[in-house]
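[1] Here you go, sequence then predicted model.
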Amino acid sequence: MDFSWNDEQAALRREITRFAQKELNDNLIERDRCEEFSWDGWKKCAQMGIQGLPVPEEYGGSGADILTTVAALEALGYGCRDNGLIFSINAHMWTTEIPLMAFGTEEQKRKYLPKLVSGEWIGLHAMTEPLAGSDAYSLRTRAERKGDRYILNGSKTFITNAQHANLFIIFANVDPSHNPNGVTAFLVEKGTPGLSVGNKLHKMGLRTSPMAEVVVQDCEVPVENILGKEGGGQASFTTSMEWERTCILASHLGMMQRQLENAVKYARERNQFGQPIGKFSAISNKIADMEVRLETARLVLYKAAWLKSQGRHPLKEVSVAKLYVSEAAVQSCLDAIQILGGYGYMTEYEVERELRDAISSKIYSGTSEIQRVIIAGLHGL
Ligand SMILES: Cc1cc2nc3c(=O)[nH]c(=O)nc-3n(C[C@H](O)[C@H](O)[C@H](O)COP(=O)(O)OP(=O)(O)OC[C@H]3O[C@@H](n4cnc5c(N)ncnc54)[C@H](O)[C@@H]3O)c2cc1C
C-alpha cells in the first residue's frame, strides 16, 4: 500500500490551499450572519477547475481520478472556511454532474456539462419531499406521460442551490404501483413553465449555501429530458449517493486538520495557573483524540475512494466513511471549542460556525442512522 500523494497531486493540493486561503474567506462572519452565497467564490473555484475535477476533458473538465479529486477537496477544506460554498459545489458535482456523466445521452452531456464545469450554470437534485426523507422512494411527485411530454406535479423540500440553479434534476414517479421502479429523473431547466422555487429555508449552519423548496405544477418536460430511462431514477440516485457519500466529506478532513493545528497553537500559547493549558492532560488528551480521529477519518475515506477507483461499488466502505467522518468532524469542532474555552464559543473565533456547519453532515446524503442501517443490513440485520 502506498499512502503518499504523487508529485502532481501534492502540487495541486498546495496550489488549491494557497488559492482558497487567499480568495475564499473574505467577510465570512458577516456572510454567514446574513446567509449570503458567494458568487465570486463560486466563479473563482470554477476558474480554478474545482467544479470540473471529475468531468472528462471533452466536456470541459480535467478528468481527474477520484483520489486526486478527494486530495483537491481536502485541500479546499483546509484553505477555505466557507463550508457553505464548498457544500454547494459538492451538491453540484455529485448530484448533477455525476449522474449526467453516468446516464446522460451524448446530447445532454454536450449541452449541460460544459456550462456546469465553467461555473456559468449551477445544478441541483431534488429528491426529498415533506413526506419522503430517508424513505426517499416513497416520493409523491408524479410524472404523467402525455404524447411526447411528461407532466410533473409535486413539491420538494431542503433543496440545496435552489435559488441560483439553472439545471434541476427532479425525481418523480411515473408508476407508483411499481415502486421504486417508477421513480424517474428529469432534467428541467430554470424558466420552464410550471417550475418554481418556493420558500427560502433558513438553516442552523451552511448558511452561505442557498436552500429552498422546489415546486412543479403542471410542468411540461419533453421526453428527451429524461435522465437515463423511464423508471431509472433509482440507478441515478444511488450512483449520485455513492459518489457523494465518498467525496462530500473530503473537505471535512481539511477542516479537521486546520482545527487541530489551531488547537495545538492555542494550547501552547494560552497560559492558566502559570503554564500553557496544553500541559494539562485534560487538554493534551483532546489534542491526541483530534489527531487519532483525523487519521482514522482519512483512512476510511481514502479507502472508499480507492475502492471506487478500482471500479468497485463499496457499499459498506462508503457508508462507514460517511458515518465516521461526519461524526468525527462534529466531535473535532466540539473539542476545538472546548480547548479554546469561552473564546471558542464566540463567533469571532469561527469554530462555533464550523460546528453548526458540521452537524448537517450527519443528516444530508443519508443520515447517520441510515448509514448504520446499511452497515448492519450487510450483516443480515
Ligand atoms: C444541509 C442539507 C442539505 C440538503 N440538500 C438536499 C438536496 O439538495 N436535495 C435533496 O433532495 N435533499 C436534500 N436534503 C435532505 C436530506 O437528504 C434529508 O434531510 C435526509 O435524507 C433525511 O430526511 P428527513 O430530513 O426527512 O428525515 P427523516 O427521514 O424524517 O428522519 C428523521 C429521523 O428518523 C431517523 N430515521 C428515519 N428512518 C429511519 C430508519 N429506517 N432507521 C433508523 N432511523 C431512521 C433519521 O435518521 C432521523 O434521525 C438536505 C438536507 C440537509 C440537512
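    Great, that's in hand. Residues are numbered from 1 along each chain as shown.

[2] Thr96 touches Leu167, doesn't it?
    Yes. Thr96 is within contact range of Leu167, at 6.2 Å (criterion: CB atoms under 8 Å). For glycine as for every other residue, the C-beta is placed from the backbone atoms N, C-alpha and C.

[3] These two - which one has more neighbours?
    Thr96 (28 against 22; other CB atoms under 10 Å).

[4] if I look at that one, how far off is His125?
    6 Å (CB to CB, to the nearest Å).

[5] any shared contact partners between the two?
    Residues touching both Thr96 and His125 by CB atoms under 8 Å, 6 or more residues apart in numbering: Ile169.

[6] Which neighbours do Thr96 and Leu167 have in common?
    Contacts common to Thr96 and Leu167, judged by CB under 8 Å, 6+ apart, are 116, 123-124.

[7] Tell me which residues of stretch 370-381 come out buried.
    Using 16 or more other CB atoms under 10 Å as the test for burial, stretch 370-381 gives 370-371, 374-375.

[8] Helices - which of the residues you listed land there?
    Mapping those onto helices (DSSP state H) picks out 370-371, 374-375.

[9] with these in mind, which one is nearest to Lys229?
    Ile374 (25.6 Å; CB to CB).

[10] which element is the closest residue in space to that closest one that isn't next to it in sequence on?
    Excluding its sequence neighbours, the residue lying closest to Ile374 (CB to CB, 6 or more residues apart in numbering) is Ser319, at 4.5 Å. Assigned by DSSP states H and E, Ser319 belongs to helix 315-340.

[11] Just after that helix, pick out the following helix or strand.
    helix 351-359.

[12] thinking again about what came up before, ok, now which ones touch the residue nearest to Ile374?
    245, 366, 371, 374-375.

[13] Turn these into JSON lines, including pLDDT.
    Shown next, in JSON lines, are those (pLDDT from 0 to 100):
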{"residue": "Arg245", "pLDDT": "97"}
{"residue": "Gly366", "pLDDT": "98"}
{"residue": "Gln371", "pLDDT": "98"}
{"residue": "Ile374", "pLDDT": "98"}
{"residue": "Ile375", "pLDDT": "98"}
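
[14] Turn those residues into a markdown table, columns for distance to Ile287.
    Below are these laid out as a markdown table (distance: CB to CB, whole Å):
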| residue | distance to Ile287 |
| --- | --- |
| Arg245 | 29 |
| Gly366 | 31 |
| Gln371 | 28 |
| Ile374 | 32 |
| Ile375 | 29 |
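
[15] which of the residues you listed lies closest to Ile337?
    Gln371 (24.9 Å).

[16] isn't that closest one right next to Lys322, touching?
    Yes. Under the criterion of CB under 8 Å, Gln371 makes contact with Lys322 at 5.3 Å.

[17] Can you pull the residues that touch both of those two?
    Shared contacts of Gln371 and Lys322, counting by CB under 8 Å, 6+ apart, come down to Arg245.

[18] Would you confirm that Asn244 contacts Thr95?
    Just so we're on the same page, residue 244 is Glu rather than Asn. Yes. Between Glu244 and Thr95 a contact is recorded at 6.4 Å, counting by CB under 8 Å.

[19] ok, the two, which is more surrounded?
    Higher neighbour count among Glu244 and Thr95: Thr95, with 27 against 22, using other CB under 10 Å.

[20] How about that one: what's its closest non-neighbour residue?
    His125 (3.7 Å).

[21] Correct me if wrong, but the one you found is in a strand.
    Yes. His125: assigned to a strand according to DSSP: H, G, I helix; E, B strand; the rest coil.

[22] What distance do you get for it to Asp135?
    From His125 to Asp135 the distance is 17 Å (CB to CB).

[23] So those two - more neighbours on which side?
    Neighbour count, other CB under 10 Å: between His125 and Asp135, His125 has more, with 28 against 9.

[24] which residues does that one form a beta bridge with?
    Note on His125: beta-bridge partners by DSSP bridges are Ile169.

[25] so which of the buried residues of stretch 370-381 comes closest to the ligand?
    Closest to the ligand out of those is Ile370 (5.5 Å), distances taken as CB to the nearest ligand atom.

[26] Now do the contacts for the closest one.
    Contacts of Ile370 (CB under 8 Å, 6+ apart): Ser134.

[27] quick one: pLDDT of the residue in the stretch 201-350 of the chain positioned nearest to the ligand?
    Residue of the stretch 201-350 of the chain nearest the ligand, by CB to the nearest ligand atom: Leu206 (5.3 Å). The confidence metric pLDDT takes the value 98 at Leu206.

[28] mind checking the SS state of it?
    coil.

[29] just checking, it touches Leu85?
    No. Leu206 is not in contact with Leu85 according to CB under 8 Å; the separation is 9.3 Å.

[30] residues near Val325, how many?
    Val325: 27 neighbours (other CB under 10 Å).

[31] For it, which non-adjacent residue is closest in space?
    Leu249 (4.1 Å).

[32] May I have the predicted confidence score for that neighbour?
    Per the predicted model, pLDDT is 97 at Leu249.

[33] That one: how many residues sit nearby?
    So Leu249, with other CB under 10 Å, has 31 neighbours.

[34] try Leu152
    26.

[35] Mind telling me what element it is part of?
    Applying DSSP H and E, one finds Leu152 within strand 149-160.

[36] Summarise which helices and strands that strand is packed against.
    Applying 3 or more CB pairs under 8 Å, 6 or more residues apart in numbering; DSSP states H and E, we find strand 149-160 packed against helix 83-92, strand 123-126, strand 142-146, strand 167-173, strand 183-189, strand 211-222.

[37] If anything else comes up later, I'll come back, but that's it for now.
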